[in-house]
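Asker: What would the 3D arrangement of this be:
(one chain, ligands or ions: 1)
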Amino acid sequence: MLTPDLIEKFAAIVGAKHALTSKADIAPHLLEPRGKFSGHSSLVLQPGNTEEISAILKLANETNTAIVPQGGNTGLVGGQMPAGEIVLSLSRMNRVRNLDTADNCMTLEAGVTLHNAQEAASAKGLIFPLWIASQGTCQIGGNLATNAGGINVLAYGNTRDLCLGLEVVLASGEIWNGLTSLRKDNTGYDLKHLFIGCEGTLGVITAATMKLLPAPLDRATVFAAIASPVEALELLSLVRRMSGGAIVAFEIMPRSGVEMSIKHGGCRDPLEAPADWYVLFELAGFDTEGDMNAKATGILEVAFEEGLVSDATIAASTQAAQDLWRIREAMSEVQRLEGGSIKHDVSVPVSKVPAFLDEATALVEKMLPGCRPVPFGHIGDGNIHFNVSQPVDEDKDAFLAKWQEVSAAVHDTVRKYDGSISAEHGIGTLKRDELAATTQPVEMTIMRGIKQLLDPNGILNPGKVL
Ligand code: ZN
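Answerer: Numbers count the residues shown, from 1 in each chain. The predicted structure follows:
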């Protein structure tokens, strides 16, 4: 129970100014932008450094007070939403502690936004290649806690692959300094990987050392019309073969989604005639400027000859490339303007994406007559956002009431194709019960054992993941 006396003790750690108790101040922390998840809480703490977080967790552990860590509050599975717990906001922890061009890494506090992390890298002629739609708002601590994926995973991996070391405050208040720039370190278990993707249930990530890469000198962005996901995969292997490893993104979109981006997202149709499906891909390299466009042209010539592509455009300027990417990036948000949308963040082996899409689409069309499937996303790494918009005339709430039943069926199909029911968004509360019901018992035993070891009193983000 959060008594006034206890609130005062927590507030004393961060200072009254950074302990929010008024409804209006707390409100932004209780609703995520998409509006699917809401929470309640009577205290938001905004610590300014790791020592304050340590003191908060020590007090929380001693008093059995539960804490929900929160970054940019852009999570899509409810992991950052409090159900009465104290919200621990990382937003004031927003310093770039160090950027080292010899070791090619930077150490960031958890509250640095992904956009600011990218800017810090580019100021030194380097890139931090994590690229997700919410990058202006989301924070590096949240990216790590959810092991965020995004558009460049096929080239650079997900957040986990970009992390060298972590600083974490444990439930006891103890600080683990695992910040390292080492590329090779086989001294026992790699503890950072326990905290990456733990969604705040095992510890609070307060800082991280992340990899930096040289900035490509040249890029080409291609938007191509294709007949179906089968052609998308054939084109993917052609691009891989002909680009010499220069491929950094490869996305698929259906006509229905492109139309929504045109209608609501201020995008222009890049090609003259409509096609059933599209691929948007990007090449990046280190040769002379213009070389990537030449490579893309060569690839498209072969793709036309082989009948994989019916029409295509290569962006002629940075602005044109951004306009093409806007079609893809808007695709999630514009669905809101078409009524209810039942969403799935799933992955299957890349080779099985076409068969999965066929089967899952037929399934939802049977379950939800008149629905409008909008499956799109990172076909290059097998991660599809299998979203289904409501029929035009149906009531939104009535449609959304079918979420669980539809998800269960779609996820059964995912498992049939050896896939994952959470590719890049996490488990949160949305998929918690399904995780427990469908994961191998031995995996659940290991996960519960780790939780028990690191958070014996269950104060860290209770009710999430497990
Ligand atoms: Zn995505």
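Asker: Relative to its centre, which residue of this structure is most distant?
Answerer: Centroid-distance maximum for the chain: Asp5 at 38.3 Å, with CA atoms, centre = their mean.
Asker: give me phi/psi at it?
Answerer: Backbone torsions of Asp5, given as degrees, to the nearest 10, read phi -60, psi -40.
Asker: Against Phe250, how distant is it?
Answerer: 56 Å (CB to CB, to the nearest Å). Where you see a C-beta, it was placed from the backbone N, CA and C, and this is true even at glycine.
Asker: With Asp412 instead?
Answerer: Using CB to CB, one gets 27 Å for the distance from Asp412 to Phe250.
Asker: what about these two, which has more around it?
Answerer: Phe250 (25 against 13; other CB atoms under 10 Å).
Asker: my read: that one touches Leu238, true?
Answerer: No: Phe250 is not in contact with Leu238 according to CB atoms under 8 Å; the separation is 11.1 Å.
Asker: any idea of the pLDDT on the residue farthest from the centre of the chain?
Answerer: Here the pLDDT value assigned to Asp5 is 96.
Asker: for the stretch 351-466 of the chain, what spans make up the helices?
Answerer: Here the stretch 351-466 of the chain has its helices, by DSSP state H, counting those that start in this stretch, at 353-367, 396-400, 403-416, 432-438, 441-454.
Asker: Could you do the stretch 1-150 of the chain as well?
Answerer: 4-14, 23-26, 50-62, 114-122, 140-145.
Asker: could I have the last one exported to PDB, CA atoms only?
Answerer: By that I understand helix 140-145. This file holds the C-alpha atoms of helix 140-145, laid out as PDB (Å, rounded to 0.1, in the frame of the first residue of the first chain):
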ATOM      1  CA  ILE A 140      17.300   3.400 -25.500                       C
ATOM      2  CA  GLY A 141      16.500   1.800 -22.100                       C
ATOM      3  CA  GLY A 142      13.100   0.800 -23.500                       C
ATOM      4  CA  ASN A 143      14.600  -0.400 -26.800                       C
ATOM      5  CA  LEU A 144      16.900  -2.700 -24.700                       C
ATOM      6  CA  ALA A 145      14.200  -3.800 -22.300                       C
END
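Asker: returning to that earlier point: among the helices of the stretch 351-466 of the chain, which comes closest to Gln46?
Answerer: Gln46 lies closest to helix 441-454 among the helices of the stretch 351-466 of the chain, at 24.2 Å (CB to CB).
Asker: contacting residues around the closest one?
Answerer: Helix 441-454 is contacted from outside by 170-171, 194, 201-203, 436, 458, 460, 465-466, using CB atoms under 8 Å, 6 or more residues apart in numbering.
Asker: Contacts only, for the most centrally placed residue in the chain.
Answerer: The centroid of the chain falls nearest to Ala148 when counting by CA atoms, centre = their mean (3.6 Å). Shown in contact with Ala148 (CB under 8 Å, 6+ apart): 130, 132, 138, 142, 158-159, 424.
Asker: switch to 6 Å and redo it
Answerer: 132, 159 (CB atoms under 6 Å, 6 or more residues apart in numbering).
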